[in-house]
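Peer 1: build the 3D model from these lines:
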Amino acid sequence: MRGFYAHTLFHLVRRGTGLVALLTFTLFVSACGGGSSSNQSRSSSSAAVSSSAALVVISGSLTYDYVPHFTERNGLNYAGTVELPIRGLVVELLDAGNQVLMTDISTQTGTYSFTVTRDQPVRVRVKAQLLREQNDNSARWNFKVTDNTDNNSLYAMVGSLLVANDANAVRDLHAASGWTGNAYTQPRVAAPFAILDSIYTGVQRLVAVDGSVQLPALEFRWSPNNITADGELELGEIATSFYRNDLNAIYLLGGEDDDTDEYDRHVVLHEWGHYLEAELSRSDSIGGDHSGDDKLDFRVAMSEGFANAFSAMMLDDPIYRDASGTQQAEGFKIAVNSTENRERGWYSEASVQSVLYNFYVSENNKTARDFADIFTVITRDNYSTSDAFVSIYLFAEQLREALPGVTAGFNSLLSGQNITITDRFGAGESNSGGATINLPVYKTLPLNNSAVNVCSSNANGSYNKLGVSQFLVLNILSAGNYRITATEFGTTSDDSDPDMYLYQRGIQLQEAISPTVGTETLTRSLSVGTYVLELVDDRAVRDDFNGDVLACFDVRALPN
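Peer 2: Below is the predicted model:
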């Protein structure tokens, strides 16, 4: 697929300055120890008990600074910072040589406990790792926050080395935000824990729906060096926060006075929603720039609209917020639940998120704020193996099949966004998005050499915008070799460059992308089944092409 999911991840110091006993935060090197440590963790001890006791209990609370957003304006409200528990993370008890003696998982209230031999020098380390690994059929997950600007090293917070000689010793660790009034002048220790706490919330929502959900391992790559420049990921030039399934990672912005996402819970969960699409369901998105006011390729509209709605559902908060700018005092917010969207249709992420979120909160023959219905649909076999691309049409069709009792309410939401109630192919859709070339959503390509005329245009923008790609369905009834051609027809351009991509069940089988002007040919042996052909003019795809494109082609198919 072209592109990847894209949108608008910790290391204590700027690249190249090293790690030297910075607060209670340190870079984790390996499971057997390593990394610098600090002597500044908060700790206390209870009154001494009998010195003859062989064992002592070391316990404590783990917390981090959470910086909320302003509610009435954009930006982070540092004055409203609160301490929240570090939940579900790996906690280790280390000896003086940083060898792991014991491991625990912090509780929902951020507590941990170890029982150890008296008079041992030990320290507590909490890793930026949200982990649950069971030997039964219950839910499993493994999520880490790592620094992409330092060889993807795992973050951890480490307490001071103290001798365990009290019957009940308390060791509390707190991850501070690093904000001191006007800037981040101290290490941003809280950031990776804030990221994972958002994911913890999402995990709990999923487990409530499916207690045996198996979530593949994933890294969240965050650094204060991660900025909006587009370049080398290892240098932090990540351009935007995004999910890359080929890298098995979510990259998150962290550049101060640029764009930081560790406290943007909707952003973090949005990207995690893309991960869930890829791992538990299916997405056919080609990625690229997008906004709620765009007319988009319907595959992109579905994926981005789903991810926006998903984050709002997980947080039970329809106001999507993203902070950026100087002192993180700027940014934007989106009312995911809005029904009065500027662009309404099957090509609008604003429409998709509106339909999905308002269905989630609806009490129309369902339980309001229950994610189970949506989870049921996107994890159906018929959803992930559909011969049509993933779109709001496919979601609606599968919802009607799986949960017919909620059909009326869902259909009403579709109609309110100018989306026709139809099948997975959008047959009979009347909303053209302002251009007749966009309908039918899928054209049928006969196998008798009859021409079907389609047009590729950049009128709504390049690459992933509505009209760039045209889709044709081939129903193969007899296995054999087939030849598909596209030839420019009826336009004045003499430099068109048609490209074709052939798919089955969302998987790209072949492409034909020669630079030949005005024509393209694709040949392939096809088995019985349904295929989708995507046709574009290369100029309409390219961001660097200056000029309006409207290139029309006769597409023909026949046995070869």
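Peer 1: any idea where the helices of this structure begin and end?
Peer 2: Counting by DSSP state H, the segments of the chain that form helices are 191-209, 265-280, 298-315, 349-361, 372-378, 381-384, 392-402, 407-416, 538-541.
Peer 1: flag every buried residue along stretch 81-94.
Peer 2: Buried residues in stretch 81-94, counting neighbours by 16 or more other CB atoms under 10 Å, are found at 81, 84, 85, 86, 87, 88, 89, 90, 91, 92, 93, 94. No exception for glycine: its C-beta is placed from N, CA and C like everyone else's.
Peer 1: list the contacts of the closest residue in space to the last one that isn't next to it in sequence.
Peer 2: Okay, so that is residue 94. Spatially, and ignoring its direct neighbours in sequence, residue 94 is nearest to residue 123 (5.0 Å; CB to CB, 6 or more residues apart in numbering). Neighbouring residues of residue 123 by CB atoms under 8 Å, 6 or more residues apart in numbering: 37, 93, 94, 98, 158, 159, 160, 161, 162.
Peer 1: any idea how far the third one lies from residue 56?
Peer 2: Same thing as residue 94. 16 Å (CB to CB, to the nearest Å).
Peer 1: residue 508 bridge partners, please.
Peer 2: residue 503 (DSSP bridges).
Peer 1: just residue 93 next, same as before
Peer 2: Beta-bridge pairing for residue 93 (DSSP bridges): residue 102, residue 124.
Peer 1: same check on residue 455?
Peer 2: For residue 455, the beta-bridge partners under DSSP bridges are residue 552.
Peer 1: surely it is in contact with residue 470?
Peer 2: Yes - the pair residue 455 / residue 470 is scored as a contact, 7.0 Å apart, by CB atoms under 8 Å.
Peer 1: when those two are compared, which one has more neighbours?
Peer 2: For residue 455 versus residue 470, the count of surrounding residues by other CB atoms under 10 Å is larger for residue 470: 25 against 21.
Peer 1: for that one, give me its contacts.
Peer 2: 437, 443, 454, 455, 456, 534, 535, 536.
Peer 1: with these in mind, which one is nearest to residue 226?
Peer 2: Among those, residue 536 lies closest to residue 226 (CB to CB), at 31.9 Å.
Peer 1: ok, now how distant is the closest one from residue 558?
Peer 2: From residue 536 to residue 558 the distance is 22 Å (CB to CB).
Peer 1: burial count for the residue nearest to residue 318 when sequence neighbours are not counted?
Peer 2: The spatially closest residue to residue 318, leaving aside those adjacent along the chain, is residue 337, at 4.0 Å (CB to CB, 6+ apart). Residues lying near residue 337 (other CB under 10 Å) number 18.
Peer 1: look up phi and psi at residue 337.
Peer 2: phi -90, psi 0 (degrees, to the nearest 10).
Peer 1: hang on, it packs against residue 356?
Peer 2: No - contact criterion CB under 8 Å: residue 337 and residue 356 do not qualify, at 10.0 Å.
Peer 1: centre-most residue in the chain?
Peer 2: For the chain, the residue nearest the mean C-alpha position is residue 271 (1.6 Å; CA atoms, centre = their mean).
Peer 1: that one reaches residue 243, doesn't it?
Peer 2: Yes - between residue 271 and residue 243 there is a contact under CB under 8 Å: 4.7 Å.
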